[in-house]
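Student: Fold the following.
(one chain, ligands or ions: 1)
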Amino acid sequence: MAPKIELRKYKVSDAKRFFEILNNPNFKYLRICPKNVAGEEEFLRKSKEKRKNNISHDYAIIYNGKLVGGSGIKIDQHRKFIGEIGYFLDENYWGKGITTKAVKLLEKIGFEELGLKRITIIMHPKNIGSEKVAIKNSYKKEGTMKKTISHEGKYADAHLYAKTK
Ligand SMILES: CC(C)(COP(=O)(O)OP(=O)(O)OC[C@H]1O[C@@H](n2cnc3c(N)ncnc32)[C@H](O)[C@@H]1OP(=O)(O)O)[C@@H](O)C(=O)NCCC(=O)NCCS
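Tutor: Presented below is the predicted three-dimensional model:
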């Protein structure tokens, strides 16, 4: 049977599982690890408000009934017809095409439900897995943006991929 991949809205009770997934030193180019489960609960609690205010629309990635990752669209607050997709997945599930499928589902929400005209995906130039997710979903590379990713006072370039409707 084909694996079933679904998106569902965050629940505060997802905190422990998300903390477990994000607390991974192999997430080299995504450093959003909360300090503890309580910190993650706090983040998840804000998700409803962010959706209501059209700031971001975040979803848990469910694979065969299990929470395996997260994916969301952040809305550009100056140009609300533009959204940026981001994602992360439990390392035990990498390389199965799960994120590629999740982005496909999320893009449909972005274009059809949120009325977006342009969706972008950006990644660190060395984040090959993330770049492949964008390419496999037919996003087109528009260039490399200088000093776009910041972490602990350091700035890195990022590839820009986009799709328009
Ligand atoms: C990026 C990430 C979400 C990809 O998830 P995934 O479900 O494994 O992605 P998919 O299986 O849909 O596709 C990834 C493709 O890249 C390949 N890939 C993954 N890591 C790779 C690497 N380090 N080098 C080369 N190829 C890689 C996979 O084999 C797959 O290619 P294939 O379909 O040709 O086999 C996952 O690796 C992750 O969570 N990384 C840490 C967080 C992160 O970096 N998020 C993105 C921030 S921009």
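Student: Now do the same contact list for the residue nearest to D76 when sequence neighbours are not counted.
Tutor: Distances taken as C-beta to C-beta, 6 or more residues apart in numbering place I82 nearest to D76, at 4.1 Å, with adjacent residues excluded. No exception for glycine: its C-beta is placed from N, CA and C like everyone else's. Neighbour list for I82: 75-76, 116-120 [criterion: C-beta atoms under 8 Å, 6 or more residues apart in numbering].
Student: Excluding chain neighbours, what is closest to whichever residue of the chain sits closest to the ligand?
Tutor: At 2.8 Å from the ligand, G129 is the closest residue in the chain, using C-beta to the nearest ligand atom. In space, and not counting its chain neighbours, G129 is closest to W94: 6.8 Å by C-beta to C-beta, 6+ apart.
Student: Check L114 and give its pLDDT.
Tutor: On the pLDDT scale, L114 is placed at 98.
Student: before we move on, back to that, adding distance to N36 and secondary structure, write the contacts of I82 out as a markdown table.
Tutor: As requested, the contacts of I82 are exported to a markdown table (distance: C-beta to C-beta, whole Å; DSSP: H, G, I helix; E, B strand; the rest coil):
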| residue | distance to N36 | secondary structure |
| --- | --- | --- |
| I75 | 28 | strand |
| D76 | 31 | coil |
| L116 | 34 | coil |
| K117 | 39 | coil |
| R118 | 36 | strand |
| I119 | 33 | strand |
| T120 | 31 | strand |
